[in-house]
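> just coords:
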Ligand SMILES: O=c1ccn([C@H]2C[C@H](O)[C@@H](COP(=O)(O)OP(=O)(O)OP(=O)(O)O)O2)c(=O)[nH]1
Ligand SMILES: [Mg+2]
């Protein structure tokens, strides 16, 4: 499926891109004038230098990269981040350091991945009665119990 995304890259970074032909997400890079250091449990808003025009009916999700998570304890705090189709500001990534050591983000580091998704819009239809199911109101780990 082809989705047109307009990206204005103000940095010297390459455009976000799929690392392999089968990749779901395009890796996106930090756009920094100086390295950013995160103390344990510190969160920071990292600019990417990119702005985009997402077609109506789509969104872009900002997701963490597993390599950063397992090696450095860095993840996106609000995962998946939502880039709305009508957003024209700079895409930013909220990173948090969940390791117990200081972590440094350098200019050009691949900090997250962008996934283009179709968005369905729903309308509420008010009703007094909901359809019955076996699960009913059970949730939050209620299955599999004796
Ligand atoms: O990881 C993210 C999440 C959001 N945004 C930008 C694009 C998005 O369209 C806008 C608003 O995001 P969201 O709806 O998640 O935040 P909010 O707290 O509800 O803010 P708003 O009231 O502006 O919608 O912020 C990012 O750049 N990165
Ligand atoms: Mg919002």
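Nice, thanks for sending it over. Not measured: the values here are computed from a predicted model. Ligands and ions are numbered 1, 2, ... in the order given.
> List the contacts of the residue in the chain positioned nearest to ligand 1.
Minimum separation of the chain from ligand 1 (CB to the nearest ligand atom) falls at residue 81, amounting to 2.3 Å. Every residue, glycine included, has its C-beta placed from N, CA and C. For residue 81, the contacting residues are 61, 62, 63, 93, 94, 112, by CB atoms under 8 Å, 6 or more residues apart in numbering.
> so the second one touches residue 79, yeah?
Yes: using CB atoms under 8 Å, residue 62 makes contact with residue 79 at a distance of 7.4 Å.
> Looking at those two, which one has more neighbours?
Just comparing residue 62 and residue 79: by other CB atoms under 10 Å the higher neighbour count belongs to residue 62, 23 against 15.
> Where does the prediction get shaky in the protein?
1-11 (pLDDT under 70).
> how about the residues of it near ligand 1?
Neighbours of ligand 1 within the chain, by CB under 6 Å from any ligand atom: 62, 78, 81, 82, 83, 84, 87, 91, 92, 93, 94.
> Please convert the residues you listed to CSV, extending it with secondary structure.
Shown next, in CSV, are the residues of the chain next to ligand 1 (DSSP: H, G, I helix; E, B strand; the rest coil):
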residue, secondary structure
62, strand
78, coil
81, strand
82, strand
83, strand
84, coil
87, coil
91, strand
92, strand
93, strand
94, strand
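> Let's see if you can find the most crowded of those residues.
Using other CB under 10 Å as the neighbour criterion, residue 93 leads the residues of the chain next to ligand 1 with 25 neighbours.
> Now for it: which residues touch it?
28, 30, 45, 46, 48, 62, 76, 81, 111, 112.
> Can you name the two of those residues that sit furthest apart?
Largest separation among the contacts of residue 93 by CB to CB: 30 and 81, giving 14.6 Å.
> And residue 92, how far from residue 57?
23 Å (CB to CB, to the nearest Å).
> Identify the residue nearest the geometric centre of the chain.
Per CA atoms, centre = their mean, the C-alpha nearest to the average position across the chain is that of residue 62, at 1.5 Å.
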